[in-house]
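Q: A structural model of the following input is requested.
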Amino acid sequence: MIDRLEPFFVWMQDSAVSAYFLENTWSSPIVQCAHLLAIAVFAGSVLIVDIRLLGKGLTRLSVEQVARSAQPWLVWSFLALVVTGVPQMISLALKQYYSPFFWLKMELLLFGLLFTFTIRRKVTLADPARVGSWVPKAVALVSMAVWGSVAVWARLIGLFS
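A: Below you'll find the model as predicted:
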């Protein structure tokens with residue numbers, strides 16, 4: 001499957017968008033700064049809910065209240081990550097394609113999104129008496145591990161690819 005994607009990555013690398021980002025002095029740093037800001041907001045919106053699932057943090061509010069308040073930040077920061085991440089990926093498409101770290105990051109990203117918007121969401125909206133005390137903690141730990149891993153693998157792309 002991945003082998004079939006190589007022509008698409010070559011096309012991205014040869015595109016005008018890639019050339020613009022590689023040749024323009026300010027485009028890449030500006031997009032990277034916006035991407036880092038979006039990472040901070042995304043991580044904060046994930047962590048504030050996960051910490052509450054662990055029974056800490058904003059304990060005056062229910063898990064559901066914290067999750068509902070963080071949801072718009074989570075969604076909008078993820079959209080910002082996509083909008084700022086795609087041009088960065090396009091500008092170095094072949095480097096990404098040949099990086100095992102990139103593919104692992106993408107797999108974890110997909111898993112993280114599915115986990116966050118299914119299992120984690122169900123637990124945050126559920127009646128605390130129905131889910132017990134260990135389920136929210138397990139969900140929080142898995143969430144932090146998955147999203148932390150996405151960040152680690154993303155960093156490894158830049159360091160070793």
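
Q: please count neighbours and contacts with C-alpha atoms only from this point.
A: OK.

Q: in contact with residue 47, which residues?
A: The neighbourhood of residue 47, defined by CA atoms under 8 Å, 6 or more residues apart in numbering, consists of residue 144.

Q: give me the three-state assignment for it.
A: Following DSSP: H, G, I helix; E, B strand; the rest coil, we place residue 47 in the helix state.

Q: helix/strand/coil for the most centrally placed residue in the chain?
A: Centrality entry for the chain: nearest residue to the mean C-alpha point is residue 109, 5.8 Å, by CA atoms, centre = their mean. The three-state assignment at residue 109 reads helix, by three-state DSSP.

Q: so what's it up against?
A: Neighbour list for residue 109: 146-147, 150 [criterion: CA under 8 Å, 6+ apart].

Q: do residue 153 as well
A: 101-102, 104-105.

Q: how about a cut-off of 10 Å?
A: Contact partners of residue 153, counting by CA atoms under 10 Å, 6 or more residues apart in numbering, are 100-106, 108, 159.

Q: now the two most distant members of the residues you listed.
A: For the contacts of residue 153, with distances taken as CA to CA, the pair at the greatest spread is 108 and 159 (18.5 Å).

Q: contacts for stretch 154-161?
A: In contact with stretch 154-161 (CA under 10 Å, 6+ apart) are residues 95-106, 148-150, 153.

Q: which secondary structure elements does the lowest-mean-pLDDT helix or strand in the chain sit against?
A: Lowest by mean pLDDT, DSSP states H and E among the helices and strands of the chain is helix 128-131, with a mean of 88. Helices and strands touching helix 128-131, by 3 or more CA pairs under 10 Å, 6 or more residues apart in numbering; DSSP states H and E, are helix 121-125.

Q: could you point out which element follows the top helix by length along the chain?
A: As assigned by DSSP state H, the longest helix anywhere in the chain is helix 63-91. Next helix or strand after helix 63-91 toward the C-terminus (DSSP states H and E): helix 93-97.

Q: let me know the outermost residue of the protein.
A: Distance to the chain centre peaks in the chain at residue 129, reaching 30.3 Å (criterion: CA atoms, centre = their mean).

Q: which residues touch it?
A: Residue 129 makes no contacts at all, as judged by CA under 10 Å, 6+ apart.

Q: with residue 67 instead?
A: 45-46, 48-50, 52-53, 61, 74, 120-121, 124-125.
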